[in-house]
Every structure is written in C-alpha cells, then in structure tokens.
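Asker: dropping the sequence and predicted coords here.
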Protein chains: 2
Amino acid sequence: WRSRTKHEILQYVFLKWTFVFLLGVLTGLVGFGINMGVENIAGAKFLATTKFMATRGFIPSFLLYAGSNAVLILISSLLCVYISPAAAGSGIPEVKAYLNGVDAPNIFSPKTLIVKVLGCICTVSGGLIVGKEGPLVHVGSCLASILGQGGSKKYHLTWKWLRHFKNDRDRRDLVTCGSAAGVAAAFRAPVGGVLFALEEVTSWWRGPLLWRAFFTTAVVLVVVRTSMAWCKGGTCGYFGEGGLIIFDVEGVKSEYGLLELFPVIVLGTIGGVLGSLFNSLNAKFVVFFGGVLNKRWPSAKVLQAVLIALLTATISFLVPWYAECRPCPEQKVGVFPVGAECPTHGRAANFKGFHCPPGTYNDLANLFFNTNDDATRNLFSIGTRGEFRKSSLLIYLASSYFLAVITYGIAVPSGLFVPAILCGATYGRLVGMIMGPIAGENSLDEGVYALLGAASFLGGSMRMTVSLCIILLELTNNLRMLPLIMFVLLVSKTVGDSFNDAVFDIHVMLKGFPFLDAHPEPFMRHLTAKEAVSGPPVTFNAVEKVRTVVEVLRTTSHNGFPVLEENGAYLCGLVLRSHIMVLLEKRKFLPRLDDSYYEEGIHLSSADFAKPGSGKRMKSKIENLVLSQEEQEMYLDLRYLTNTSPYTVVETMSLAKAFTLFRQLGLRHMCVIPRKPRPTEGCPIVGILTRHDFMPGYLHSMHPHLRG
Amino acid sequence: WRSRTKHEILQYVFLKWTFVFLLGVLTGLVGFGINMGVENIAGAKFLATTKFMATRGFIPSFLLYAGSNAVLILISSLLCVYISPAAAGSGIPEVKAYLNGVDAPNIFSPKTLIVKVLGCICTVSGGLIVGKEGPLVHVGSCLASILGQGGSKKYHLTWKWLRHFKNDRDRRDLVTCGSAAGVAAAFRAPVGGVLFALEEVTSWWRGPLLWRAFFTTAVVLVVVRTSMAWCKGGTCGYFGEGGLIIFDVEGVKSEYGLLELFPVIVLGTIGGVLGSLFNSLNAKFVVFFGGVLNKRWPSAKVLQAVLIALLTATISFLVPWYAECRPCPEQKVGVFPVGAECPTHGRAANFKGFHCPPGTYNDLANLFFNTNDDATRNLFSIGTRGEFRKSSLLIYLASSYFLAVITYGIAVPSGLFVPAILCGATYGRLVGMIMGPIAGENSLDEGVYALLGAASFLGGSMRMTVSLCIILLELTNNLRMLPLIMFVLLVSKTVGDSFNDAVFDIHVMLKGFPFLDAHPEPFMRHLTAKEAVSGPPVTFNAVEKVRTVVEVLRTTSHNGFPVLEENGAYLCGLVLRSHIMVLLEKRKFLPRLDDSYYEEGIHLSSADFAKPGSGKRMKSKIENLVLSQEEQEMYLDLRYLTNTSPYTVVETMSLAKAFTLFRQLGLRHMCVIPRKPRPTEGCPIVGILTRHDFMPGYLHSMHPHLRG
C-alpha cells in the first residue's frame, strides 16, 4: 500500500505544505479573533463600570460588573457542559494524550473547536484568572485535525486527495504543528512554539516535522503581525496592544552581577514550592468536585463556574475599593518613562483611578480591576519602581493564587499560563522591591524581577524548560536575560520535581488517559513480559467460520487477534477488529473451506481500510451487523488481512525492555511469544500486550508486592 | 545492573550536570582561544605585509604573504597527516556518524583534539577559504568525549565515579551537548546550537537532553561574552571584535513588501543550484585526489595542502593588485554610518587601502586581503551601498567558489560554514545591487541581501533548515527578518534536494561510515528480513568448550553470537564477543560440563563489562590471549553472559519494518527467527542482522535486480 507513483508523492508533498500554511493562517486569525473579542468585551465592560461608578455609585457599578461577568461565564459553561464537554480546561492534556496515541472521543471535533473559541472569549473577558494560551493550543490542534480530515466526515466534506492523510502519522504531525501554532499565536513566539510542541506536547518527534512546525509558526507570526498592524489604525474597537503579554525591554539595564544570584535562587525556590503546591491543591480540588458534584448533576458544573465567577468579581471589585489612593508619581525622565502618565481613567491606562480622585491612583485596581493581560503588563512594566505597595502585592498574590487553584478544572475553557504568570510576576516584583534597597543603584528593575518570578512559577508548575525559556526570551527579545531566566527555571524545576509531577501530567492522569511515558517505570524491570499478559489470547484460525468470528467480536472487546495456522501450530500474524469489520460489511465470504477460489473473489483497495476521522465516531459496530443464516455458515479467509510480521517479544523479556519497544515504535499490539516452541501444548503465542497492560496502576493491581 | 541506590543516582545526576557545565566552560574557552589565535596571527601577518608593501614593494610583500600562509598550512597539514588524520576536515561527518552508532577509531582522542585546535588556528589564519565553525563542533564533541572518560584511559586519568558513564548512552548524550556547545561558541547562538545538534547531528534525541544541551550552550555564551568583555580593554593583542561573524542590524530598514519576494526566490534558486553544485564538485574532487594521490604517499597530502595555500595566497594577493583604486565615499550621515570612515590602512579597517593612495580604497582588497571573518563582515555591512563594484563581486564569487571546492577535503581542519557564507553573501550583495535601482528608495539594504544570500548558499549546500534559520536570527537578533530567511531557506533547500544530498551526508558516505538513515530506503519494502541475512549464524551452545569458543572468535569477526540451548532446540539468547573476552581473560572456566558448580565460582561486577573508552582502542584482542592446553579443555557457561531476550523479528518481516525496529531502538544485533518452528531442521535462528546488513550498497550487491 506504500507504492505510490511520483505524481501521488508530489500531490502529497504539496498538500502537506498547503495544510501547514493554511493551519498557520487559520490559527493566526483565530488567535487574533479571540484577542479582539476579549479586548472588546472586556474593554466595554470596564468602561461601562467606570462610568457607572462615577455616576451611580458603588452598588450599581458592582452589580453591573459582577452581573456581566456572571453572564459571560454562564454562557461559556453552558456551552461547555451541554454542547462539548471536551472543550473544558486548557486542552493541553488532551492534545498530549492524543499525540501519545490515546484517541479520546470528540476532542478535535468542529463542535469542540467552536465551543472552545467562543467559551475562551467569554471566560477570559469574564474576568476569571484564566488564560487563553492553553485553549489556543487546543484550537490549533483542532484546526489541524479538522484540516487533515478535510472538514468533518459528518458534513460530507471529505476530499479525494485527502486519502493519503487518512493515517495516524500524518494526522499526528499536523496536530503537532497545530499545537506549535497555538503557542506561537498566543505569545508571538515562533521558536518557542516549536520547542513547546517538541518538549511538552509530542511523544514521537520526527526530524522533518521540525521544519514544518517552524514554517507553521512563522506563518502565524506574519498573520498576527499583519493583523495587529492593521488594527493600529483604530479599526478594531478597544483592541489596542493586541492583548498580548509583552515585556518591553527598552531602557532595561541588563548588566547584573553575582549579587543577583541570591534573589534568583530565592525566586526559583518560591516558584518551585508555590508551583508544586498549586499542582497538588488544584488536583485535590478537581478530584473533590469532580467526584462529589459533577457526576450526578451536570448543571452543578454550570453553577460552580458561575459561583466562581461571582467570587472572582467580588474580590476584584471589593478589595481595591478599600485600598488607599496614592498620588500619581512625578513625571521624571529616567524614573518613569515619559509615556507612563497617570491618566487614572480610560481603558489602557497603566495607572487605574478606580474610585480615587484625579491625580491619584489605586494600585490594587491596577491589578484587580483589569484584564489579566493588562495586569501582567503592569507587573512587568519597566521603570515604574514603587508603583505598587508591598501589601498590595501580597494581597493580590494571595487572592490570585487562591482563585487560580479553584478555577482551573471548572467547566470552561481555561488556560494555566496566565494564572502562573500573574502569581509569579507578583511575588517576583515583591522580591524586586525588597532587593531594591539592598542592591541600591545597581539593582535590576522591578519589572525584570517580575519576569523572573513568572518564569519561576511556570517552571515550578509546568516543569517545561527550554520552551519556557525561549518563549520568555522571545517576549523580551533580549538574549542577555538568558542566563538569569535559565537559572531561575533550573532551580524552580528542580524544587518542583522533588514534590510532584508537572501540572499537565497530573491532569492527563486525572482524566484517566492511558498515557505512556517516554521511559519505563523502574519496577517494570522486575517483571517479565509474560507477567503483564492478562491471559491467553482469543485466537482465530487462518480460515474461520463467519459465525465464530461474529461471535468472538460480539463477546470480546479486543481490537487485535492473533491468527494461527495449521491448527494452531504456528503464528500467522495479527488481525485487527476494524479490518475484519470491513470484510464482514462488504460480505466477502467464502462459501466453502476452499482457498484457491478465494484468490479471485476479493477486491478491496487500501481506501477501504483507511482510518475514519476522529471527530465523530464513525466506526462500524458489530452490533449493527445483520447476517443471514446462510452467510453465517460461510468462511472468512483472515490471511488476506493479517499482518504476518507483527512485532514480537519473547515471554522472558523484562517488561521494561518490552515497554521500550512498544513505546518507541508507537505500537498498539505486541505479541508475546513463548521462549521454547511448544508443539504439543498448542498455542504458539502467550498473549498480546496493549497500552493498558503497561499502565502502572494495572500492573500494581496484578502484582501487589511490587508497590512501593 | 540498573539497580542503583539513591546515593548513586544523586552522584550520577550531579556528575551529569557538572560535566555539561565544564563542557560549556571548556568549549567557550577553547573557542575564544581559537579566535584569539587566529586574529593575532592573521593580524600580525596582514600588518607586516602592508608595511612591506609600503617600504619594499610588490615582490617582497607577496613573498612574505605567500610564505607565511604556506608555512601556516604546512604546520597544520603536517600535524593532520602524521599525528592525527582524524582531525582533518570539519569533523561534523565524524560526529554525526558517532552519534549514529559508528565507532570510528580515534575521532575523539586527546591527540585529535590538540591537532584540531592548533591546526584550525593555523589553517584559518593561513588565509584558506575555510571556517572554524565546523572544527569547533568537533572540538566540543572531543572535549565531551574526553570529559566523559575522565581523561584518556591511556594516561590513567580515569576516576571511580565515572563508572556510571561507561556506557554508550551517556557518552552519546555528552557528545551531543558538545556539538551544540561548539556551534554556540562559533556563532554565539545558544538556541541555534541546540537546534543544530537536534536537527543535523544526532540520530536519537531524548527529551531531557534538550535542557542539558541548552544549559551547555548558555554556559558557553556566558564564557564567550565574559572573555570578549575582558578583551575590550585591549589586552588581547589584535583581537578586536572577537573574530565572530556579526550582522549588525542597527539602522536596518526591516519593512519589506511583496516586491522583495522576487529577489528572495532568485536568491533561493541560485543558492540551491550553486550549493548542490558545490556538493557534487567537491565530492568529485575529494574522490579523485583521495583515490589517486593520497593512498600511496601520505606526504602528497601535505604537498596538496601547501599548493592550495600558495594558490589561495597568489589569487588573493594578485587579483586586488590589478584592481582600480576608488575614491573614499563622502561622510554622509544616513548613507554611510558615522563610524565607517575610510582609513584605508590598519587592521580593522572596513575599507582597505592595499596599494592605493590615501583617500582611495581597493574594493577587491576589502574581500581578498582580509580574514574570512572580516570579509564576511564587509559583505554584511549595512549602509555601505556601492562599496563594491559588481565586477569585483563577480571576480570574488568565482575565485572563492573555486577555492572552496578544492579546499574542503584536504588534510587540514577546515569548516564549511565560512566558505558557504562568503560565496552566498557575495552573490547576495550582487543581487542587492541589481535590485537597488529597481526597488528604489524602498529597497532593502545590500547587507540584508548579503545575509539572505549567505542563508541561501548554506541552505543549498547543508540543507539544514531550522537550525540555520535560528543561527542567522541570533546573528541578527531581529525577529522581523524571520519570514525572509525562512523563505530563502525553503526555496534553496527544495532546489538543492532535487539535485543531490546534503554535503555532510555526502562526506559521511565518502568516508565509508555505515550510517543508518532515519527511514528505510523504499526498496527495502520489497525484501524480507531473511533475504538480508548473509548466512546461517555461527552459534554457541549454552555450555561450550573453551577451545571451540576461542577457535570461533579467532576465525570470525562477528561481535554477537546466538546461544542455543538443549542441543540447538531453542534460542537461549545472544552473547557479545566483548563479554566472552572478559570471561576468557579472567579465566572463569568450568573444569567439567557441570552447571551447579559454576554458580558459586563466578564474581564479576558490571564494571568489568563496562565499555572501554573510544579514544584509544583498548579492546582486548583474541590474538593476544594465551591459554594452556588444560584450560582449553575446560568449559565456559555462556548463559551467565547471555542476553536472554534479544530483540527478534520473524524472517518474513519486510526489511523496511525490521530496519525501523533496528534504527529506532539503536540496536547492534537483531536476531531473525524462523516463521515456523523447525524442530527437525535444528537451528531456531535464521541469522543475525547487523548495521552492515542494512547498507543499501550491500543489499544491492546481494539483490542486483532491485537496483534502479
């Protein structure tokens, strides 16, 4: 089936590049659209609230603010709960699992895509402590998967050329490029996006993919830049700076000495501790609510989301209300940049007036009463030493940390990058404020400390390294920061790793995906392949009666069956359930147990065996098959379908070694063969290992003595 | 052997990070040392020649120039030919082959390292069209390998802690980090270095390596930056800008429209054509001289190198002599940068006077009579529109292309990056000069065109993509160039790929390394595993007579032997020659064919089986083994050493599939087992597949009908 003509190969290559180009354009546009939606809705909301505050007072403005937030979250969670539950959360665990070989239902369907985009806009503009970066990764992957299928099969949008893309590998490659594109669109970081896909998302990496993924992210960058340049004319409503987190390094002193090593270690440690604590607390919270509430009443999920929205709104409105007004800083060149006036009102103001009289500002409102992106920008702002009080930063840290813990995991699209950056930047700036007087004139800017703090929290929670480093480098566009960022990540990752797993890995586990790690668990060395096999396999003879085959397919849920020849004397190979189903549905039966007749009677193309799309389960089911009595007495020649050279391991091989083979080659079934040929005992196969047989939980339940 | 205690794991992790830290520091220092050596020797040479020219005239200055170049190259080639032949060339093919699993002798020995460093300094300062970037990759890898062995075993510098590093994987990881460090030191491109290692050098990539390689390159960056800052005080002689290729983007107009797409396509096409032509011509040249001259007389290699040095010196001295002097440009702000005066004499002058009177300059001397780095910088220089005449660029292009073709492959350390950049930048600037009048005011700077030209030649010859792109981005430190650079690389790689292989792959082939590509050749699909097996394997019984074992080891050159049990009834496993040798040398013999006795008598630790260093062949040889008559009559229990679960494939498996298994898991031996058990026919193993059995040349010779 791999013998393609030159023309077909050209077609394939052309299509491949067209797809990644389209993917880049689409992801860039969708990312831009999400940003524009968020900025406009949130902008309108904040302006209206500020106006109300001036004219009607506290209570009405609070009601307007909380009410609009609650409505936005209500829309988002209704979409998520009732239309596409797969769209909840960040989507990165799902993408990771898919690229590991787990086919979770509906994660890349068009419905999920639409819900994710709309939900993401509502959630982020609804004021929750969530980001749009994770969802963008999912959106990019969705777009990739849908493109690869040429639209959904459900809507009959498939296309003849696409037949070459009906296989796992090409689809996986596209999805990988999609996830890179998502990161690139979120952070304007083309290299960071590629490395994110490489480091965090994929399980198998192929060389040529690097270049294609990079091409995708470059297209994304061009699209995002172009659309933002287009918006500079003021045609995009409240959409100002594009809602992107930007670390403006102009005027940053980037010289630093050994004295800076100490706060960097402190930041790394704080990041590691708070980050891993976040992972644990959040996991506990998700397990608790997932178990108690959500399974019984789906509407409880909606209620939970709305309650958290109200809580967030209350905190972010009430806390600044009780803050004290501070006079605007003087306009000194060198201390504050010339542009950083203190207008105290209006959408893009660095200093928020909130309820304060003109000429003063409310430093808590700078953080609370703002979109997350603008709050981050305030924390990252350079040359604004003393903008925040230490107490304000502490209050904000506590509340945003608490809200982030309870928010991630509720039934709305929600990313984790922004909460992590917010918390990290807050304590980073705090450390910077403490270091300022100690280091004196030579100290780094508070904004740089905020950036390092953000790096430490990201490292402590997500445990990525290179990709985070590059993403942050691309935000700052300043290579001189590299050693500092690296060092902070090194410390925070090391500290975090000593407590628990990375947050996305925890969520992969919580969602119950049978994820295969890159390396076998140490205890697997003490088991043999045979010990992991759950029992003797269900086998077929090379030529088997239709009735038997149907019976076996109905009563078992296996997807692969060993085929034996010469009455079980030796192993012919492995046949897949889906392939047998094709034979059954096409009624390719043999009236008699006669081989030679068969040779002519069958004409199936490789397209008949192409994998259906993963958007909607189009799999044919054995339950729907109706066969006449006569047909059931006929025979199937399974040899035609059998993979006659499956990968095999000997029963005495250590499970760790078998795992390596299984994982490295991305297998779905692996045959375990006996060490000594057993002509008398019959079965030339000990069993079949599948992904589930390698799950530590399963192995521990079979071999309890290996635990701990 | 994998059951380590917690303490040992900590030791191991600590050592791992210490090693990469040391590796970064050392590579950075050596890179800096090479730069300083080159700049000082070349600087002294040029100054002396210029002085001679002013005082003594043409002939004496030419003799001085050509003579000093010849002497430098003579030293370099003598070192290469008589002390360490492995140090010749760029070393990237050797590193690639090593990381693919080919153990070429001596490629990482301390001798090679020293010769490479000294030779590289001499060659580059000797005026050949060669770079120091490739050799730096080799140097980094050498340092890594030597570090991993704790110094050479030859000099008894091994260390107890290092026992954990005596395996292929850890050594390979370190070498990978070393190659990344080399690129980082050469281009000051930490991210580019990592991606270079990932894309071009390694064959297996493991996730954790990404972070460690990145750490290494960051350390390199810090070291290089620090040492260059230290040199700013003038303490380093003629070492000015550090001898690094730098593309100074200050004042570059980075806006561009669709009109620039056309010259970019032109550049990409030229790069693809010239690059692939370079690969072919150079390969032909290397084959011709390698075959005719060098095999017979090693001194012919030295002669060849010196002749090429004289030829280069003659061309680079004579051609500018006949060039016409041009008046220095006026000092207009905006056209020429303020610093770019026309001093026409002195070391770091942008404009070279050569033999011209003051106030005029010689544009050919700007290119020819300069170090390669300074010539590149002149070509890349921004805001110097019209510095070169078109005819000068054409002359320089022709001669540098010709010299580059005949130079790479001679017996001196020589890199390919600089020749490619020189040629590419020359025609790039030429295209820029042609485009200038067409595009008018909006045209890109000629320096930008030169950069794009360099990118196109690199892409057309080396066929790397992402890593080149990032390296060039890190040179320019300007993300706006990204789409242009990517597009040029895309075109030139596509054009080049339609002609021949990448230059390093060609040289891997020329050197005869049995390199395994990432993917099987298409024709392998039409072969079965059995058809690649060269014959029935030489097998051992589980308990074998010493005499038989020694006899077999003496008469065959196999490294792995299947062990059969119960008189050949079934396969026990695979035993390695090196492991048998340990048993033989330790005289662990059994007096009688008696198993139970044996269990107590043997005590070997895993350290006994550790792989010896690759620096010097310390392998024990069977020829050196002397056994008494009595000992020869004793027995060896091979089961103790046998890997009882080797990876096996069934004889009917397609060779392509078997190749995937072999390559993905990085095997050295793979057992081919029969499809049907053959209890009567005896042998339960069809054969053993090794790396050589997958070589296309070998397979074609066995199955001539598959050719073409």
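Answerer: Looks like it arrived, so ask away. Residues are numbered from 1 along each chain as shown, chains lettered A, B, ... in the order given.
Asker: touching, A:Arg171 and A:Ser145? I think so.
Answerer: Yes: between A:Arg171 and A:Ser145 there is a contact under CB atoms under 8 Å: 6.5 Å. Yep, even glycine has a C-beta here, placed from its N, CA and C like the rest.
Asker: the more surrounded of the two?
Answerer: A:Ser145 (26 against 22; other CB atoms under 10 Å in any protein chain shown).
Asker: any idea which residue sits dead centre in chain A?
Answerer: Centroid-nearest residue in chain A: A:Ile92, 0.8 Å away (criterion: CA atoms, centre = their mean).
Asker: could you measure from that residue over to A:Glu200?
Answerer: Taking CB to CB, to the nearest Å as the measure, A:Ile92 falls 7 Å from A:Glu200.
Asker: need the residues touching each of the two.
Answerer: A:Phe504 (CB atoms under 8 Å, 6 or more residues apart in numbering or on different chains).
Asker: interface residues of the stretch 151-300 of chain A facing chain B?
Answerer: A:190-191, A:194-195, A:198-199, A:205-207, A:210-211, A:214-215, A:218, A:221-222 (CB under 8 Å from any CB of the partner chain).
Asker: top of the residues you listed by number of neighbours, please.
Answerer: Of those, with other CB under 10 Å as the count, A:Pro190 tops at 34 neighbours.
Asker: would you agree that one is in contact with A:Phe214?
Answerer: Yes: taking contacts as CB under 8 Å, A:Pro190 lies within contact range of A:Phe214: 6.9 Å.
Asker: can you pull out the strands in the stretch 551-700 of chain A?
Answerer: Remark: strands assigned in the stretch 551-700 of chain A by DSSP state E, counting those that start in this stretch are A:560-565, A:570-576, A:635-637, A:648-650, A:669-673, A:687-690.
Asker: want to try a markdown table for these, with mean neighbour count as columns?
Answerer: A markdown table is the format used below for those (neighbours: other CB atoms under 10 Å in any protein chain shown):
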| stretch | mean neighbour count |
| --- | --- |
| strand A:560-565 | 23 |
| strand A:570-576 | 22 |
| strand A:635-637 | 23 |
| strand A:648-650 | 25 |
| strand A:669-673 | 23 |
| strand A:687-690 | 22 |
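Asker: least confident of the ones you listed, on average?
Answerer: Here the strands of the stretch 551-700 of chain A differ in mean pLDDT, and the lowest is strand A:635-637 at a mean of 82.
Asker: need the contact list for the residue in the stretch 351-500 of chain A that chain B sits nearest to.
Answerer: For the stretch 351-500 of chain A and chain B, the shortest gap (CB to the nearest CB) falls at A:Thr465, measuring 4.3 Å. Residues in contact with A:Thr465 (CB under 8 Å, 6+ apart) are A:Glu199, A:Gly459, A:Leu489, A:Leu490, A:Lys493, B:Leu210, B:Trp211, B:Phe214.
Asker: want to throw those residues into a markdown table with distance to A:Asn279?
Answerer: Listed next are those as a markdown table, based on distance: CB to CB, whole Å:
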| residue | distance to A:Asn279 |
| --- | --- |
| A:Glu199 | 18 |
| A:Gly459 | 12 |
| A:Leu489 | 16 |
| A:Leu490 | 18 |
| A:Lys493 | 13 |
| B:Leu210 | 22 |
| B:Trp211 | 19 |
| B:Phe214 | 24 |
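Asker: would you mind giving the residues you listed as CSV with secondary structure and pLDDT added?
Answerer: Formatted as CSV, these follow (DSSP: H, G, I helix; E, B strand; the rest coil; pLDDT from 0 to 100):
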residue, secondary structure, pLDDT
A:Glu199, helix, 86
A:Gly459, helix, 94
A:Leu489, helix, 92
A:Leu490, helix, 88
A:Lys493, helix, 91
B:Leu210, helix, 86
B:Trp211, helix, 85
B:Phe214, helix, 89
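Asker: of these, closest to B:Leu318?
Answerer: B:Phe214 (47.0 Å; CB to CB).
Asker: what sits against the closest one?
Answerer: Counting by CB under 8 Å, 6+ apart, B:Phe214 touches A:Thr465, A:Val466, A:Cys469, A:Met486, B:Ala180, B:Pro190, B:Val191, B:Val194.
Asker: out of those, which comes closest to A:Thr528?
Answerer: The shortest approach to A:Thr528 among these belongs to A:Thr465, at 35.4 Å (CB to CB).
Asker: nearest residue to the closest one in space, ignoring adjacent ones along the chain?
Answerer: For A:Thr465, ignoring the flanking residues on the chain, the nearest one in space by CB to CB, 6 or more residues apart in numbering or on different chains is B:Trp211 at 4.3 Å.
Asker: and the closest residue to chain B within the stretch 201-350 of chain A, how far from B:Phe187?
Answerer: Closest residue of the stretch 201-350 of chain A to chain B, CB to the nearest CB: A:Trp211 (4.3 Å). To B:Phe187, A:Trp211 is 19 Å away according to CB to CB.
Asker: again, but for A:Thr556
Answerer: 59 Å.
Asker: ok, for A:Gly271, nearest residue in space, not its chain neighbours?
Answerer: The shortest distance from A:Gly271 to any non-neighbouring residue, by CB to CB, 6+ apart, is to A:Ser456 (2.5 Å).
Asker: low-confidence stretches in chain A?
Answerer: A:1-4, A:150-166, A:234, A:237-258, A:291-296, A:329-351, A:440-442, A:592-620, A:677-682, A:707-708 (pLDDT under 70).
Asker: roughly how far out does the helix ranked longest in chain A sit from the chain middle?
Answerer: Longest helix of chain A, by residue count under DSSP state H: helix A:6-55. Relative to its chain's centre, helix A:6-55 lies at 17 Å (CA atoms, centre = their mean, to the nearest Å).
Asker: by contact count, what packs against the following helix or strand past it?
Answerer: With elements assigned by DSSP states H and E, the helix or strand that comes after helix A:6-55 is helix A:58-78. If contacts are counted by 3 or more CB pairs under 8 Å, 6 or more residues apart in numbering or on different chains; DSSP states H and E, helix A:58-78 sits against helix A:6-55, helix A:110-125, helix A:298-321.
Asker: the longest one packs against which elements?
Answerer: For helix A:6-55, the elements it packs on are helix A:58-78, helix A:110-125, helix A:133-148, helix A:168-187, helix A:207-231, judged by 3+ CB pairs under 8 Å, 6+ apart.
Asker: going by neighbour count, list what's buried in the fourth one.
Answerer: Buried residues in helix A:168-187, counting neighbours by 16 or more other CB atoms under 10 Å in any protein chain shown, are found at A:170-187.
Asker: which residues of the stretch 351-500 of chain A lie near chain B?
Answerer: A:Thr465, A:Val466, A:Cys469, A:Ile470, A:Leu473, A:Glu474, A:Asn477, A:Leu479, A:Leu482, A:Pro483, A:Met486, A:Leu490.
Asker: name the nearest of those residues relative to B:Val71.
Answerer: A:Leu479 (39.4 Å).
Asker: if I look at that closest one, how far off is B:Gly192?
Answerer: Where B:Gly192 is concerned, A:Leu479 sits at a distance of 11 Å (CB to CB).
Asker: can you check A:Leu636 too?
Answerer: Distance, A:Leu636 to B:Gly192, by CB to CB: 57 Å.
Asker: same question, A:His558
Answerer: Counting by CB to CB, the gap from A:His558 to B:Gly192 is 49 Å.
Asker: brilliant, that's me finished.
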